[in-house]
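Asks: 3D model of this:
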Amino acid sequence: MPRLDIGNASDDELVRASQRGRSDCYEELVFRHRDKIYARAFSMLRNEEEALDISQEAWIKGWQRLKQFKRDASFTTWMTRITINLCLDFLRKRKRQATDSLEKIDEEGGGIERRMPVETFNPTEDMEREELREEIDSAMEKLSYEHRTVLLLHEFEGMEYKEIAKAMHCSIGTVMSRLFYARRRLGGLLISLKKERRG
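Replies: Numbers count the residues shown, from 1 in each chain. Take a look at the predicted model:
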């Protein structure tokens, strides 16, 4: 069997070798994708130290569960899902410790959306990609944990309502309600930010 050139090997080759116990190959995967995994954790936690801890925990879990990875998705997609689940667990624990429950407010106001006109907001129009990224980041920070998380999972990770409902331990209706409010709020925040910058 030819010797594996780790630096030039594909992710799939590195995964296969890692599944056979090659920790040096797994280290190469960590090196290649650690920034992306950290960025995903940070986008959910908005805290550098917590994101670093969670992303490191994700890599440890990835190594422990590597034999379960069936390669039916890309390695980074699989690692991203592990990271998201760890972030959700962390946020749930932190939320339980907080006294105020934003969720109750969400659920109580859930019926209003049926009487509200649907506003479609496309934030990608008329803006440069880099400027848009900064503005979305600023706006996302102002969203509640529930709204930010549901938006990230649906819009950026492409998860379906039922997957999000399972991950967040709530009903599909709640996911739809949160997504509606999150989009509406994000749209309003982005419009405000644009006005601020122009003014």
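Asks: Please count neighbours and contacts with C-alpha atoms only from this point.
Replies: Noted.
Asks: and the helix or strand where residue 85 lies, what does it pack onto?
Replies: Under the criterion of DSSP states H and E, residue 85 resides in helix 75-97. Counting contacts by 3 or more CA pairs under 8 Å, 6 or more residues apart in numbering; DSSP states H and E, helix 75-97 packs against helix 11-19, helix 23-45, helix 48-64, helix 161-168.
Asks: Let me know the angle separating that helix from helix 48-64.
Replies: 130 degrees (axes from the mean of the first three to the mean of the last three CA atoms, to 10 degrees).
Asks: For helix 75-97, which outside residues touch it?
Replies: Outside helix 75-97, the residues that touch it by CA atoms under 8 Å, 6 or more residues apart in numbering are 11-12, 15, 33, 37, 40-41, 44-45, 54-55, 58-59, 61-62, 69, 101, 145, 167-168.
Asks: Narrow these to just the buried residues.
Replies: Buried by 16 or more other CA atoms under 10 Å: 11, 15, 37, 40-41, 44-45, 54-55, 58-59, 62, 69, 145, 168, out of the contacts of helix 75-97.
Asks: which one among those gets closest to residue 186?
Replies: For the buried ones among the contacts of helix 75-97, the closest approach to residue 186 (CA to CA) belongs to residue 145, at 13.1 Å.
Asks: so who does that closest one touch?
Replies: Contact analysis of residue 145 by CA under 8 Å, 6+ apart lists residue 91.
Asks: so is residue 70 in a helix, a strand, or just coil?
Replies: coil (DSSP: H, G, I helix; E, B strand; the rest coil).
Asks: how about it, phi and psi?
Replies: phi -90, psi 0 (degrees, to the nearest 10).
Asks: again with residue 47
Replies: Dihedral angles (degrees, to the nearest 10) for residue 47: phi -150, psi 120.
Asks: and it, how many neighbours does it have?
Replies: Per other CA atoms under 10 Å, the neighbour tally for residue 47 reads 11.
Asks: just the one 5 residues further on next, same as before
Replies: Residue 52 sits with 17 neighbouring residues when counted by other CA under 10 Å.
Asks: where's it relative to residue 142, distance?
Replies: Distance, residue 52 to residue 142, by CA to CA, to the nearest Å: 21 Å.
Asks: buried set for the helix or strand harbouring residue 179?
Replies: Using DSSP H and E, residue 179 maps to helix 172-198. Residues 172, 174-183, 185-187, 189-190, 193 are the ones in helix 172-198 that count as buried (16+ other CA under 10 Å).
Asks: Got the domain ranges for the protein?
Replies: Domains of the chain are assigned by automatic domain parsing as 1-99, 100-199.
Asks: Alright, I will stop here.
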